[in-house]
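Asks: Fold the following, please.
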Amino acid sequence: MSKQVLFAAFAFLSLTACVHSVSNLPEYGKVPEFTMTDSTGQVFHSHVLAGKVWIADFIYTNCPAECPMMTSKMHSIAKQLIGLQDVQLVSISVDPARDTPPVLQEFARRYDAPTEQWTFLTGTPETIHQVAFLTFHVGDVIGKIEHSTKFVLVDKRGHIRGYYSSFSADGIPTMLKDMNALRSEN
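Replies: Modelled structure (predicted):
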């Protein structure tokens, strides 16, 4: 076999592998539009996420263990994504009564955030219930505060494409690989 044929075969397999991995990602539903408040006190409309791949997590600032660890891992992810205009990180509080914008801002600053790519959000209990419980199925604020330790990957069209453990060794690397595949998707 000539080098050109081998190169063409390798290129074809590489391209189809990327397409294949995106097509194999499940779709868990579309995220409806929502409006919340960011940690600076500004109104945040979800339409700013349109056309971007985004990673969401659900936290609260008084969480004793998991949330600081998850936020630390999100900080590590944020450092890897600096300059990528088509990727956004969103941390949503599931404790709106205590996590006011100033409280979220103070918490975010511990992790060199917020940034243009990483937003911390709060909202009404009804909005958070809609987003966390009814849409992402990762937590709730009605009755008692609860949340998942998973990161959630959303594609450019606003479709949930994956849930990834923030504590398993392969969770974040797999999520970042899938994120890059979604970035190349039209």
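Asks: what about the strands in the chain?
Replies: With DSSP state E as the definition, the chain shows strands at residue ranges 35-38, 43-45, 53-59, 87-93, 118-122, 139-140, 146-147, 150-154, 160-165.
Asks: starting at the chain centroid, how far to the fifth one?
Replies: It refers to strand 118-122. 11 Å (C-alpha atoms, centre = their mean, to the nearest Å).
Asks: got it, and stretch 51-65?
Replies: Taking the mean C-alpha point of stretch 51-65 and that of its whole chain, the gap between them comes to 7 Å (C-alpha atoms, centre = their mean).
Asks: Give me the buried positions along it.
Replies: Counting neighbours by 16 or more other C-beta atoms under 10 Å, one finds that the buried residues in stretch 51-65 are 52-61, 63. C-beta coordinates here come from the backbone N, C-alpha and C atoms, glycine included.
Asks: Would you mind writing the CA trace of stretch 79-92 as PDB?
Replies: Taking C-alpha atoms only, stretch 79-92 is exported to PDB below (Å, rounded to 0.1, in the frame of the first residue of the first chain):
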ATOM      1  CA  LYS A  79      -8.600  26.900  33.100                       C
ATOM      2  CA  GLN A  80      -8.400  24.400  30.300                       C
ATOM      3  CA  LEU A  81     -11.100  26.200  28.300                       C
ATOM      4  CA  ILE A  82      -9.700  29.800  28.500                       C
ATOM      5  CA  GLY A  83     -10.200  31.500  25.100                       C
ATOM      6  CA  LEU A  84     -12.800  29.000  23.700                       C
ATOM      7  CA  GLN A  85     -15.600  31.300  22.700                       C
ATOM      8  CA  ASP A  86     -18.000  28.500  22.000                       C
ATOM      9  CA  VAL A  87     -18.000  26.900  25.500                       C
ATOM     10  CA  GLN A  88     -19.700  28.100  28.600                       C
ATOM     11  CA  LEU A  89     -19.700  26.900  32.200                       C
ATOM     12  CA  VAL A  90     -22.800  27.400  34.400                       C
ATOM     13  CA  SER A  91     -23.000  26.700  38.100                       C
ATOM     14  CA  ILE A  92     -26.600  26.900  39.400                       C
END
